[in-house]
Each structure stands twice: as C-alpha cells, then as structure tokens.
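> model this:
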Amino acid sequence: MIHTLSQVAKDDTRATLLTLSMVLFMLCGSSLLFLSGDPMLLRLLTYTYLGGTTMMGAWLYITNPGLFLGFAWWVWFVTPLVRRVVDYQLDTFTPPKAAFILLAPYLVTSLTVFDLPRYGRLLSRKENLPFLLCLVGVLYGYLVGLPANPMGATIDLLNWLCPLLLGFRMVALWRSYPQHKHFTISAFTWGVLLLGLYGVVQFFVVPPWDAFWMTNSGMNSIGKPVPFEVRVFGTMDSPGPFAMFLMAGLLILFAGRGVASKLAVLPGFAALLLTIVRGAWGGWVLAVGYVAARAHRSSRAQLIGSILLAIVVSIPLAMTGEIGNRTETRMQSFTELGQDGSLNARRDMYQEMSGKALFNPIGEGLGGRTFDSGLINTLWLLGWPGGLLYLGGLFLVVKELLVGPVTDRFATLAGGVALSYAALMLMATQTGGMKGCIFWAFVALVMASRRYYEEQERHSPTPIAPSHDDVRAPAAVA
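All right, here's what the predicted structure looks like:
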C-alpha cells in the first residue's frame with residue numbers, strides 16, 4: 001500500500017486529488033470534534049490539527065516536492081483562522097505564546113531541515129552563498145539568546161530559520177522548478193480569491209470569531225470589531241501579514257491563465273485596500289516597476305497591459321462606497337507625512353535604536369525585544385557578526401535580482417515581489433514567519449528558474465527560449 005501511495009504521489013494530478021481527499025477526511029473528523037462543543041474534544045482538535053498537518057506534510061515532503069510546497073502555503077494561510085475559530089468555540093482566548101496550533105506551519109516547513117544532510121554541500125557553491133551567510137548569522141543569534149531565554153530563542157529560531165530552509169530546498173531541487181512554479185501560482189491565485197473574499201466579508205460583516213479575537217487580543221491598531229470600522233486582517237492575525245500576502249499574490253495572478261486568476265483581481269485589490277497598510281501598497285507599486293523594467297521583451301507589453309487593466313478595473317472599487325471612504329482617508333496621509341503618527345514614531349525609533357544597535361556588538365540574541373524595522377531587528381538581535389552576515393546575504397540577493405538574467409514571466413513577477421519585500425525591511429521585518437517564507441521562496445524560485453533554463457539549453461541541440469506564458473507543470477527533470 002505504501003508503495004502504491006508513493007507511485008500515486010509522483011503524478012501531480014492524482015497526487016492532488018488524493019491530497020484533497022485526505023484533507024477532506026481530516027476536515028470531516030475535525031468538524032465532528034468541533035461541533036461536539038465538548039471542551040476536552042475541542043482541545044484535542046488542536047493536537048489533531050498539528051499532527052494531521054505535520055503527517056500530511058511529511059508524506060508530501062517525501063513523495064512530491066511541488067505538492068508539498070502548495071500544502072505548506074495553505075497551512076500558513078489558514079492556521080491563524082483555525083486558531084480563532086477554536087478559541088471562539090471554547091469561549092477562551094489563547095495567548096499567542098500558548099497557542100500550540102500556531103506551530104503547525106512551522107512544523108510543516110521545518111521538515112525541510114532534512115534537506116541539509118542531503119544537499120548541505122550545495123551551500124558551498126557561489127550562487128548559494130546568500131543562504132549560507134544568513135543561516136550562519138541566524139545560528140549565531142540563537143547561540144547568543146539561548147542562555148537568557150531558551151524558549152523565546154527557540155521560537156524565534158523557527159521564525160527565522162524555516163523561511164531559509166524552505167528557500168534552500170527549492171534551490172537544491174531546481175530540477176523541480178516547473179512543479180514549484182505551478183503549485184505556487186495555484187496556491188496564491190486561489191488564496192487571493194478565497195482569502196480576499198473573506199477579507200471583504202470581514203469588513204462588512206465581522207464574523208463572531210474574529211470579533212471575539214479582536215476584543216480579547218487588545219490590538220487597538222486594527223480598529224473596532226464592528227462592520228466598517230475594522231482594518232481587514234483576513235485569515236491572518238494582523239493586517240500587516242495579510243496585506244503582504246495579498247501584495248505578493250496580486251502580482252503572481254498575472255502569471256496565471258485560468259478563470260480564477262481573473263476573478264481574484266477585484267476581491268484581492270479590495271481586501272488589500274481595506275488592510276490600510278500603506279507599505280504593502282507602495283511595495284506593490286515598486287514590484288510593478290521592477291516587472292516593467294525587467295520583463296522579457298516578448299511578454300512585457302502584454303504583462304504591463306494586463307496589470308494596467310487590472311488597475312483601471314479596480315479604481316472604481318477604490319473610490320466608491322465604504323471601501324472608497326476608508327481608502328481616501330488613508331491616501332490623504334501620504335500628503336501629510338509630517339503629521340503621521342506612525343511615521344514619526346518609526347523615525348524616533350530609528351534615532352534611538354540605531355545608536356544602541358551599533359554599540360551592542362554582541363547583540364541581544366534571538367528571543368529579545370523587536371522593533372518596527374527589519375534592519376534594526378537584524379542588527380539588534382544578531383549583533384555585528386550575525387547581523388553583517390545576514391545583511392550581506394540580503395545584499396547579494398538584491399544584487400542578483402537586479403542584474404541577473406531574465407527567464408520566464410513567473411520568475412520576473414516573483415523577483416519583483418522579493419525586491420519589494422527587501423525594500424520594506426525599512427518598515428518591518430519581512431524575512432521571518434509567513435512573510436519570510438514568501439520572500440525566501442520567491443528568491444529561490446528566481447534562482448532555480450535560471451539554473452533550470454541554463455541546464456535545458458545546455459542539453460538541447462537547439463536553443464530553448466524560456467516559456468513566458470505556460471504555467472502548467474511538466475514532469476520533473478530527472
């Protein structure tokens with residue numbers, strides 16, 4: 001039976017159907033526990049979810065690298081919502097540090113640590129130097145922070161390390177680039193469509209589990225738990241990660257060709273506007289500029305035309321009704337930067353902490369205090385040795401994104417997303433957790449695409465032009 005499942009898993013279509021069937025079975029079992037209303041069974045649901053997602057991830061990790069990536073994306077997308085629904089049913093708010101269910105995406109992603117014994121030698125190659133530098137920098141920060149705060153440092157280690165391991169896996173498995181591309185496009189397309197719709201509904205009719213969580217979490221910055229007064233956070237735990245996911249997804253939509261990619265535009269843009277996260281708005285514009293400058297000539301006009309058409313279609317949505325009122329108010333802040341409270345607070349933080357970080361060469365270590373700046377966090381937590389290694393790795397990544405060869409449409413869009421994430425490090429940490437997985441995975445996909453097409457051309461009797469439109473996943477190259 002195990003051999004049969006393994007054979008099925010190697011076929012993307014059959015593996016997808018089998019995975020969906022297993023997920024449906026898990027949902028049915030979880031629903032029975034959820035609907036029981038029994039507190040003991042509801043708490044058991046937390047461990048059932050953790051164990052079920054981890055076992056499913058382990059099976060896919062072994063048998064199908066593309067489907068493993070798609071599954072990991074969805075676990076990141078929906079786990080915070082699952083946590084809120086369970087808390088609501090229990091009528092008990094679980095603090096983030098005690099919410100074990102939130103470990104699910106980390107456990108699934110951390111399975112990639114088993115790639116280090118298999119492919120660790122590849123870290124010595126020049127093209128993989130960014131991953132090596134950042135891994136060493138993070139491990140340094142962990143060793144510094146471990147004695148003072150073992151639990152906090154270990155949780156922070158997962159937050160920083162999982163994205164790096166996920167990205168390195170895709171670089172090491174560059175032959176599976178078509179599969180990784182296919183499942184990433186699929187996950188983000190359907191994610192923007194479904195999660196965007198949920199975000200719009202959240203704005204007009206705040207679901208009770210979201211209102212319960214907002215009331216008990218004490219996060220006043222995300223508005224009030226009533227219709228029209230909430231900053232949309234979708235299935236995530238705050239508007240920031242949700243906005244950054246939408247920003248990335250709204251770029252990746254233009255690599256797809258199906259109906260879902262077209263239907264997702266309006267709910268995706270509407271939800272992004274309702275997050276009221278200006279950094280994500282600016283990041284999307286920066287990514288579009290990168291795509292306009294770097295896209296291959298054969299597809300540049302069509303790609304830019306599609307993006308402009310999506311913007312034109314979305315403008316009426318951004319200017320009318322309650323959505324328009326919220327957007328207009330936030331847009332006005334761009335012309336009143338001198339009176340912007342969050343911007344002034346961040347400027348004051350830079351003035352105070354930049355000097356402290358420079359005069360703290362050893363670093364606070366992982367598990368220490370964090371700030372609204374990815375750069376300050378990196379230097380403060382990792383110190384001079386770890387911070388310079390990590391920032392050096394980021395510098396090499398940005399350089400590669402700006403000057404490396406252009407391959408296909410998807411890689412160009414992914415490069416735009418990764419570059420905008422790097423730029424937004426000035427405002428918040430973008431390299432940890434789900435945001436970090438998006439950043440490092442997209443960086444890795446760009447790198448893998450170049451290696452994949454180089455190898456294809458090397459073994460082909462005639463030159464092979466990169467495919468700029470085809471997003472279907474051919475069988476992995478042996």
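
> Tell me where the stretch 51-200 of the chain has helices.
Taking DSSP state H, counting those that start in this stretch, the helices of the stretch 51-200 of the chain run over residues 65-90, 104-109, 115-119, 129-145, 150-172, 177-204.

> Return the alpha-carbon coordinates of the fifth one using CSV.
The one in question is helix 150-172. C-alpha atoms of helix 150-172 as CSV (Å, rounded to 0.1, in the frame of the first residue of the first chain):
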residue,chain,number,x,y,z
PRO,A,150,15.7,29.3,25.9
MET,A,151,12.1,29.1,24.9
GLY,A,152,11.9,32.5,23.3
ALA,A,153,15.1,32.0,21.4
THR,A,154,14.0,28.6,20.1
ILE,A,155,10.6,30.0,18.9
ASP,A,156,12.5,32.9,17.2
LEU,A,157,14.9,30.4,15.6
LEU,A,158,11.9,28.7,13.9
ASN,A,159,10.7,32.1,12.8
TRP,A,160,14.0,33.0,11.1
LEU,A,161,15.2,29.5,10.1
CYS,A,162,12.1,28.0,8.4
PRO,A,163,12.0,30.5,5.6
LEU,A,164,15.7,30.0,4.8
LEU,A,165,15.3,26.2,4.8
LEU,A,166,12.3,26.4,2.5
GLY,A,167,14.1,28.6,0.1
PHE,A,168,17.2,26.4,0.1
ARG,A,169,15.1,23.4,-0.6
MET,A,170,13.8,25.0,-3.8
VAL,A,171,17.3,26.0,-4.9
ALA,A,172,18.6,22.5,-4.2
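
> That one vs helix 65-90, what angle?
Calculated by axes from the mean of the first three to the mean of the last three CA atoms, to 10 degrees, helix 150-172 forms an angle of 150 degrees with helix 65-90.

> Does I101 touch T79 like I think?
Yes - using CB atoms under 8 Å, I101 makes contact with T79 at a distance of 6.6 Å. From N, CA and C alone the C-beta is placed, and that goes for glycine too.

> one step back: compare the helices of the stretch 51-200 of the chain and give me the one nearest T215.
helix 65-90 (10.7 Å; CB to CB).

> Can you name every helix or strand that that closest one contacts?
helix 12-36, helix 39-63, helix 104-109, helix 150-172, helix 177-204, helix 208-217, helix 433-458 (3 or more CB pairs under 8 Å, 6 or more residues apart in numbering; DSSP states H and E).

> Against which helices or strands is the last one packed?
Packing contacts for helix 433-458, counted by 3+ CB pairs under 8 Å, 6+ apart, involve helix 65-90, helix 150-172, helix 177-204, helix 239-252, helix 374-403, helix 409-423.

> give the contact list for Y119.
Contacts for Y119 (CB atoms under 8 Å, 6 or more residues apart in numbering) come out as 168-169, 172.

> Oh, that last question was meant for T370, not what I typed.
Listed by CB under 8 Å, 6+ apart, the contact set of T370 reads 377, 380-381, 429.

> Return the member of the residues you listed nearest to W213.
Distances from W213 to the contacts of T370, taken by CB to CB, are shortest for T429, at 22.5 Å.

> Common neighbours of I101 and T79, please.
Overlap of the contact sets of I101 and T79 (by CB under 8 Å, 6+ apart) consists of Y49.

> Wait, G279 touches M427, no?
Yes - if you go by CB under 8 Å, G279 and M427 touch, sitting 4.8 Å apart.

> which one of these two has more residues nearby?
M427 (21 against 18; other CB atoms under 10 Å).

> now the more buried one: how far from M349?
M427 is 11 Å from M349, where distance means CB to CB, to the nearest Å.

> shaky segments in the stretch 351-478 of the chain?
460-478 (pLDDT under 70).

> just to revisit the earlier point, I101 and T79 - which one has more neighbours?
Counted by other CB under 10 Å, I101 and T79 do not tie: T79 has more neighbours, with 25 against 21.

> Spell out which residues sit in contact with that one, please.
T79 makes contact with 49, 53, 101-102, 104-105, according to CB under 8 Å, 6+ apart.
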